[in-house]
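S.K.: I would like to see how this sequence folds:
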Amino acid sequence: MECASFFSLEHEGDILFLTPIRNLGDLDMMGVVESCQAIVERFESSGCRHVVLDLGSIDYFGSTALGLFIQLWSKVSQRGGKMVVCDASSDEQNILRHTRLDTIWPIVATRDDARRLIESESTEGNK
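M.R.: Numbers count the residues shown, from 1 in each chain. As a prediction, this is how the structure comes out:
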């Protein structure tokens, strides 16, 4: 599913994979804002607990997109889930470090790494 041509969404078990499919600069703010609401609604209705934010298709996001990620993380945390970032460019990693979001959202290299991290922490939580 695509939301306003900005994101691709995929479900796998209790994980929602959110993949921006084009750079999310603030010049396209209106389209990003509309996509934000659709994504939050999709997450809420999906039954998923976790989100993997796959940034491999882009190399930039602006403050509006960052606001979406924070809003989505709020919903994830309400469900006791985890949000993991994968395949972030060095610029994107710098943004996440500068905002200190890297302290709450692990940054890993690949989707498989993100999936393994979520699964390992879910398994540990069930012990």
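S.K.: element containing the most centrally placed residue in the chain?
M.R.: Geometric centre of the chain, nearest residue: residue 53, 2.9 Å, by C-alpha atoms, centre = their mean. Per DSSP states H and E, residue 53 falls inside strand 50-54.
S.K.: chain center to that strand: distance?
M.R.: Centroid displacement of strand 50-54 relative to its chain, using C-alpha atoms, centre = their mean, to the nearest Å, is 4 Å.
S.K.: which residues touch whatever helix or strand comes next after it?
M.R.: Downstream of strand 50-54, the first helix or strand assigned by DSSP H and E is helix 63-78. The set of residues external to helix 63-78 that reach it, using C-beta atoms under 8 Å, 6 or more residues apart in numbering, is 18, 20, 24, 26, 29, 32-33, 35-36, 39-40, 43-44, 49-51, 53, 61, 82-83, 95, 99, 101, 104-105. C-betas here are computed from N, CA, C, even on glycine.
S.K.: got the CA positions of the helix or strand following helix 63-78 in PDB?
M.R.: Once the chain leaves helix 63-78, the next helix or strand it forms, by DSSP H and E, is strand 83-86. Below are the C-alpha coordinates for strand 83-86, written out as PDB (Å, rounded to 0.1, in the frame of the first residue of the first chain):
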ATOM      1  CA  MET A  83      10.500   1.100  16.700                       C
ATOM      2  CA  VAL A  84      13.700   0.400  14.800                       C
ATOM      3  CA  VAL A  85      15.400   2.400  12.000                       C
ATOM      4  CA  CYS A  86      17.200   0.500   9.300                       C
END
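S.K.: low pLDDT regions in the protein?
M.R.: Along the chain, segments meeting pLDDT under 70 span 1-5, 26-35, 124-127.
S.K.: one more time with 50
M.R.: 1-2, 27, 127 (pLDDT under 50).
S.K.: OK, contacts around residue 105?
M.R.: Residue 105 touches 53, 69, 73, 83, 84, 85, 96, counting by C-beta under 8 Å, 6+ apart.
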